[in-house]
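Structure, please.
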Amino acid sequence: MKRQMELLLIILLPILGLVFLGGKIMTLTKSPEQKITTSSSKKVVQKPDEDIKKEQLDYLKEHEQKVIDLVKAQNSKVESVQIDWDQTQWGDGGLTTPEYYMSVYGGINHIEESSWGVDIPINEDNTLNLDEMYIGSDIRIGGRLFD
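The predicted model follows:
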């Protein structure tokens, strides 16, 4: 019985340690619900998530040509790029890549069944990192890769 208890502890302790460590890591990472705070000597102002997202979207709309250029660079047959601003999403990469990002989607050459997606990392200060944006979803037409 003592031997069984020792084996059980040998098996359970590393597992419990990993669970504890994983929980600690998750609590240390920034959650998407956090508010950005700006402090002055007199008061602290918090911006709601919706205001931050609106600022990010407005900024991206001012710099949409960078997204268009990235999509066009994927294939020489891309003549025009359409961005569907209504499909914009915000998210995080989860446990393996806990980076926060904004995803924009659209089509090409005015083809209804076309699609693509670009992911744009969000910096810790909630600004967009347009220099490191990347294709998150390849260009497709009707679900098939665009050749």
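
Which residues does the helix or strand that contains Leu70 contact?
Using DSSP states H and E, Leu70 maps to helix 64-72. The contact list for helix 64-72 (C-beta atoms under 8 Å, 6 or more residues apart in numbering) reads 60, 78, 81, 83, 104, 106, 108, 116, 118, 130, 133-135, 139. In this view, the C-beta of every residue, glycine as well, is placed from N, C-alpha and C.

Turn these into a markdown table, columns for secondary structure.
Shown next, in a markdown table, are the contacts of helix 64-72 (DSSP: H, G, I helix; E, B strand; the rest coil):
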| residue | secondary structure |
| --- | --- |
| Leu60 | helix |
| Val78 | coil |
| Val81 | strand |
| Ile83 | strand |
| Val104 | strand |
| Gly106 | strand |
| Ile108 | strand |
| Trp116 | strand |
| Val118 | strand |
| Leu130 | helix |
| Met133 | coil |
| Tyr134 | strand |
| Ile135 | strand |
| Ile139 | strand |
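
how about these in a markdown table, adding distance to Pro48, pLDDT and neighbour count?
As requested, these are exported to a markdown table (distance: C-beta to C-beta, whole Å; pLDDT from 0 to 100; neighbours: other C-beta atoms under 10 Å):
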| residue | distance to Pro48 | pLDDT | neighbour count |
| --- | --- | --- | --- |
| Leu60 | 19 | 97 | 21 |
| Val78 | 37 | 97 | 17 |
| Val81 | 31 | 97 | 23 |
| Ile83 | 25 | 97 | 19 |
| Val104 | 22 | 97 | 23 |
| Gly106 | 27 | 97 | 20 |
| Ile108 | 35 | 97 | 23 |
| Trp116 | 30 | 97 | 25 |
| Val118 | 25 | 97 | 23 |
| Leu130 | 24 | 96 | 14 |
| Met133 | 25 | 96 | 21 |
| Tyr134 | 28 | 95 | 11 |
| Ile135 | 31 | 96 | 14 |
| Ile139 | 35 | 97 | 23 |
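
Would you mind giving these as a markdown table with distance to Val67 added?
Formatted as a markdown table, those follow (distance: C-beta to C-beta, whole Å):
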| residue | distance to Val67 |
| --- | --- |
| Leu60 | 7 |
| Val78 | 12 |
| Val81 | 7 |
| Ile83 | 6 |
| Val104 | 6 |
| Gly106 | 8 |
| Ile108 | 12 |
| Trp116 | 10 |
| Val118 | 5 |
| Leu130 | 8 |
| Met133 | 7 |
| Tyr134 | 11 |
| Ile135 | 10 |
| Ile139 | 13 |
